[in-house]
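Trainee: Below is the sequence, then the predicted model.
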Amino acid sequence: MSRPLDTIGSIKTKLGLLVAGSVVVSSLLALVGSAAEVPWLLVLPVTVGVALAVTQLLAAGMVAPLRAMTEVADRMARGDYSGRVHTQSSDEVGRLAASFNRMAHDLATVDRERRDLIATVSHELRTPLTAMTALLENLADDVVPADEDNLRRALAQAEMLRDLVADLLELSRLEAGVARLHHAPTPVRALLDTCVEQVVAGGRTARYDVSVPVDLVVEADPARLRQLLVNILDNAGRHTAPGTAVEVDAGGSDDGWWVQVTDAGPGVEPGDRERAFERFGTDPSGGGTGLGLAIARWVAGLHGGSLRFVDPPSGRGACLRLEVSPATKAPAATPAPAPRPTTQAPTAASSSLDALFGRFWPEDGARSSLRTVAAAGVAGLVAGAVLSFTAIGVSWTFVAVVCGAAALLTARSRREPWTLVCAGLALLLVLPMSLLDAVWVQLLCLVAAAGVFLCGTTAARTVTGYMVTGVAWPLASLRGLPWFGRSLRIAGAGSQVPALVRTVVWSLLGLAVFGTIFASANPVFSDWVDRLVPSLTFNDLVARAFLACFVFAVTLGAGYLALNPPDVDVLGRRRAPRLANRYEWLVPVLVVDGVFLAFIAAQARALVGGRSYIEETTGLTYADFVHQGFGQLTLATVLTLVVVWVAARRAGDTPTDRRWLLGSLGLLCSLSLLVVASALRGMAVYQDAYGFTTLRLFVDFFEGWLGFLLLATMIAGAAGLGRWLPRIALVSGAAALIALAALDPDAWVAERNLDRYETTGDLDLRYLQTLSADATPAIVERLPVDVSRCVLQGMPRNALAPETLEDARAWNLGRSRAHEALEDLGPVSTPTSDAEKCAGVWEVFGQ
């Protein structure tokens, strides 16, 4: 496949153009993004990603020949010389590839000639060895007398064997084109009689009828011609029944001379005649090695003649005819053509990236996949087309689901229970973007959904595996570059890609044409189109293009991570060395146990002493006292889990060590549960005294989750199931976040504060103003109309702004309910129109 820089003849120029192209693309993207006022958090990753893609595209042709040479060299080291480097580059690397191919061709020729020589020698030595062995066996068994005549025959066979070895070596030189034939006048009848005698001595039982003029003398190399005749006579005898005649004819004319051998065997089908002359092209039922006729034809060609099958005169058997014309000049001996090179694809991964990522992230099984790239492209297009810029809403949930489905489509473990559980949790975590208006809940759930989903696709089992998964996602854009390039090459070579492009173009054209016609014909349909199709400005178009590229990149990275997950647990599987002395880990754990006991005792003393004791001792109110250390208690709970993890890894394996471990850590976890209960009780007291907030609610959930982990740690440790704790922590954390979202935090906090107002008369109206639209129905329902209007005076300009309500892609259940509540309430106050009236409301509530 032609590449952009193949026509440039200097690699230095290519490198310069590569750098210049990347810089120009990056600068243009940054300039366009800045002009369109696209946030730099979106421009920067897209610019870097496109620059990397351009670099990969331009550099592919520069390094592909080097990778191919590496692979072909590895194959040559294993004895396979058929590989070739295919490149259209004309630079130094291209010329090196051409030299490499010539070297590979020469090595293949040498190797082939060596193999052919071995096969030829083995075949040619068998016939005289068989004849000599038969004669010697007859002499040993007294079948024939050991007289001078028979001994001379044995000696002649040995000398013939010696001459044959020399002839075979000479033939190999002939095939290599480094020797010449020695032509001399050769009596054909005498040579045929000698050849027949040799074949019969080798065990052929056919009767050879030689009808050749005695005076027929030709110009030929006697040794080579004898080789040819022995082979064709032996071949005829092999396929002829014992005692059946093999007719041997020869003749000459002004046009040349010929020899014809006709047997009475089964014959050769016309379609198989040429195959019989191929090396190892013998009929399996014939018993030969498949080299005799190949050698015979080779010798015929050296004499400038031809050897072929013709139709037998009687219509039965096979007829071999040698024809040599004296006017025909023997062709120069040239090696047989080398095998046709096979097409070689570039190696599966860049060696530099393999060296960078090592065994942590190999590309085993990561097949090039156009489906993954296409799915990520669809996700990017969907995001660029439908994602709302006015507010988080149903379109965000839809895009998140599409991106997750695109990544899950090619996940290697997509049918594993763990992957399916994580995918289900991720689906639940993206629903709050369509159900709630609280941005902090939406973003927290979105980040958690991505993390849980990726941990499911990588099959992570340890805490370090979870962290490595988070790091591997952005690194996938670098690790997957070779895979991405191969996938694009598949797209370029695939016959379905043009059809797919045509389908998309015609579909979009049909949508635009008929959508415009129906929109102009029906006001209702037109209103739907206006609500669904945005009125794009230049800035909107550029921003959506950047967004589409960004979503495509992150989805493709997630898809590659799912298709070829790294060994994320490589660090978590490393077993820490066990401490030789028990006291090295036991004493620190017992010291921490003692500190926890002292703290629990102090908490108990304060609880028994009551409010008066706390105020006299600390000078703080009871609410302030119980709230003061909440953050520290949360930190202590987290550190407790760290202590348990370290002690479990470093403690010994003996039964005594295990008993001490379970006892000391069980006590620590039990005391930590009391700390968790104390922290939750303290937060409850503080909220009763000073009111509820979303932050306090969140830390309550977080502390409760830590308490659950402590309890799970105790149970798993006692049952020997500690390896499941990381996955329990991930699933329970996701479930806790889903439960928090299901609680509708802003609405719940508003309800609790209004309950407290009804009890105590205290209410922080300013804080109620900071809550999202989720709290609006509760405020409208439970506060007086004038107070509600003052509290919600900023809502029409923020969460319930007209552009948000008119954008169908930003629809959200929480905002929809808030809008209905505001419509029931009537026009709300604004900071300027009813300032004096609201000032009175603030004064009544002490704000």
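Mentor: Now that the structure is in, tell me what you want to look at.
Trainee: The closest residue to residue 722 other than its chain neighbours: how many residues sit nearby?
Mentor: Nearest residue to residue 722 in three dimensions, chain neighbours excluded: residue 716, at 5.2 Å (C-beta to C-beta, 6 or more residues apart in numbering). All C-beta atoms are positioned from the backbone trio N, CA, C, and that covers glycine. As a burial measure, residue 716 scores 16 neighbours (other C-beta atoms under 10 Å).
Trainee: which residues does residue 716 contact?
Mentor: By C-beta atoms under 8 Å, 6 or more residues apart in numbering, the residues touching residue 716 are 722, 724, 725, 728.
Trainee: so which strand or helix has it?
Mentor: helix 694-719 (DSSP states H and E).
Trainee: picking up where we left off before, of the contacts of residue 716, which is the nearest to residue 692?
Mentor: residue 728 (29.7 Å; C-beta to C-beta).
Trainee: Tell me if I'm right that the closest one and residue 710 touch.
Mentor: No: between residue 728 and residue 710 there is no contact under C-beta atoms under 8 Å: 11.8 Å.
Trainee: on that earlier part again, please state the offset of the helix holding residue 716 from the chain centre?
Mentor: Taking C-alpha atoms, centre = their mean, to the nearest Å, the mean C-alpha location of helix 694-719 is offset from the chain mean by 38 Å.
Trainee: In that helix, which residues are buried?
Mentor: Within helix 694-719, the residues that qualify as buried by neighbour count (16 or more other C-beta atoms under 10 Å) are 694, 696-703, 705-710, 712-714, 716-717.
Trainee: ok, then the element right after it?
Mentor: Helix 694-719 is succeeded, C-terminally, by helix 725-742 (DSSP H and E).
Trainee: Quick one: distance of that following helix to the chain centre.
Mentor: Per C-alpha atoms, centre = their mean, the displacement of helix 725-742 from the mean C-alpha position of its chain is 30 Å.
Trainee: Now do it and helix 694-719, the angle between them.
Mentor: With axes from the mean of the first three to the mean of the last three C-alpha atoms, to 10 degrees applied, the angle from helix 725-742 to helix 694-719 works out at 150 degrees.
Trainee: May I ask you to confirm that residue 576 belongs to a strand?
Mentor: No: using DSSP: H, G, I helix; E, B strand; the rest coil, the assignment for residue 576 is coil, not a strand.
Trainee: Pick out the one among the contacts of residue 716 with the largest number of neighbours.
Mentor: residue 725 (22 neighbours).
Trainee: For the nearest residue to residue 553 once chain neighbours are set aside, give me its contacts.
Mentor: Nearest-residue entry for residue 553: residue 49, 4.6 Å, with adjacent residues in sequence omitted and distances by C-beta to C-beta, 6+ apart. Residue 49 sits next to 477, 549, 550, 553 when contact means C-beta under 8 Å, 6+ apart.
Trainee: Show the secondary-structure elements that the helix ranked longest in the chain is packed against.
Mentor: For the chain, the helix with the greatest residue count under DSSP state H is helix 92-140. Contact here means 3 or more C-beta pairs under 8 Å, 6 or more residues apart in numbering; DSSP states H and E; on that basis helix 92-140 packs against helix 40-77, helix 148-175, helix 188-201, helix 222-238, helix 292-302.
Trainee: can you give me how far that helix is from the chain middle?
Mentor: 43 Å.
Trainee: same question for that helix, mean pLDDT?
Mentor: Mean per-residue pLDDT for helix 92-140: 78.
Trainee: ok, now stretch 255-265?
Mentor: On average, stretch 255-265 scores 90.
Trainee: Pull out the buried residues from that stretch.
Mentor: 256, 257, 258, 259, 260, 261, 262, 263, 264, 265.
Trainee: what does stretch 39-52 give?
Mentor: For stretch 39-52, burial by neighbour count (16+ other C-beta under 10 Å) applies to 43, 45, 46, 47, 49, 50, 51, 52.
Trainee: what mean pLDDT does it have?
Mentor: Average pLDDT, stretch 39-52: 77.
Trainee: Pull that stretch out as CSV, backbone CA atoms only.
Mentor: Extracted in CSV, the C-alpha atoms of stretch 39-52 (Å, rounded to 0.1, in the frame of the first residue of the first chain):
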residue,chain,number,x,y,z
PRO,A,39,-12.3,25.2,26.5
TRP,A,40,-8.6,24.3,26.6
LEU,A,41,-9.4,21.1,28.6
LEU,A,42,-11.1,19.9,25.4
VAL,A,43,-8.7,21.4,22.9
LEU,A,44,-5.5,20.1,24.5
PRO,A,45,-6.2,16.3,24.5
VAL,A,46,-7.8,16.5,21.0
THR,A,47,-4.8,18.3,19.7
VAL,A,48,-2.4,15.9,21.2
GLY,A,49,-4.4,12.9,19.9
VAL,A,50,-4.7,14.2,16.4
ALA,A,51,-0.9,15.1,16.3
LEU,A,52,-0.1,11.5,17.4
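Trainee: For it, what is the distance to the chain centroid?
Mentor: Relative to the centre of its chain, stretch 39-52 is centred 24 Å away, using C-alpha atoms, centre = their mean.
Trainee: What of stretch 197-204?
Mentor: Chain-centre distance of stretch 197-204: 64 Å, with C-alpha atoms, centre = their mean.
Trainee: what sits up against that stretch?
Mentor: 127-128, 130-131, 134-135, 153, 157, 160, 208, 230, 233-234, 237-238.
Trainee: Going through those residues, which ones are buried?
Mentor: 127-128, 130-131, 135, 153, 157, 160, 208, 230, 233-234, 237-238.
Trainee: Buried residues, stretch 458-474. List them.
Mentor: 458-466, 468-470, 472-473.
Trainee: residue ranges for the helices of the stretch 251-400 of the chain, please.
Mentor: 292-302, 351-357, 370-386, 394-409 (DSSP state H, counting those that start in this stretch).
Trainee: Lowest average pLDDT across the ones you listed?
Mentor: Looking at these, the bottom one is helix 351-357 with a mean of 61.
Trainee: Between helix 725-742 and the helix or strand hosting residue 755, find me the angle.
Mentor: Per DSSP H and E, residue 755 falls inside helix 745-760. For helix 745-760 against helix 725-742, the angle by the same axes, to 10 degrees is 60 degrees.
Trainee: I'd like to know which elements helix 745-760 is packed against.
Mentor: Against helix 745-760 (3+ C-beta pairs under 8 Å, 6+ apart) you get helix 694-719, helix 765-770, helix 776-782.
Trainee: For it, what does the pLDDT average out to?
Mentor: 91.
Trainee: Now distance to residue 22 too, for the buried ones among the contacts of stretch 197-204, in CSV please.
Mentor: What follows is the buried ones among the contacts of stretch 197-204, written out as CSV (distance: C-beta to C-beta, whole Å):
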residue, distance to residue 22
127, 70
128, 72
130, 73
131, 76
135, 81
153, 84
157, 77
160, 74
208, 80
230, 71
233, 74
234, 71
237, 75
238, 71
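Trainee: Check these against residue 663 and report the nearest one.
Mentor: residue 130 (87.9 Å).
Trainee: residues near the closest residue to that closest one other than its chain neighbours, how many?
Mentor: Leaving out its chain neighbours, the residue that sits closest to residue 130 by C-beta to C-beta, 6+ apart is residue 202, at 4.7 Å. By other C-beta under 10 Å, the residues close to residue 202 number 21.
Trainee: what's the answer for the one 3 residues further on, then?
Mentor: Counted with other C-beta under 10 Å, the neighbours of residue 205 add up to 11.
Trainee: Would you check that my belief about it contacting residue 242 is correct?
Mentor: Yes: using C-beta under 8 Å, residue 205 is in contact with residue 242, at 3.8 Å.
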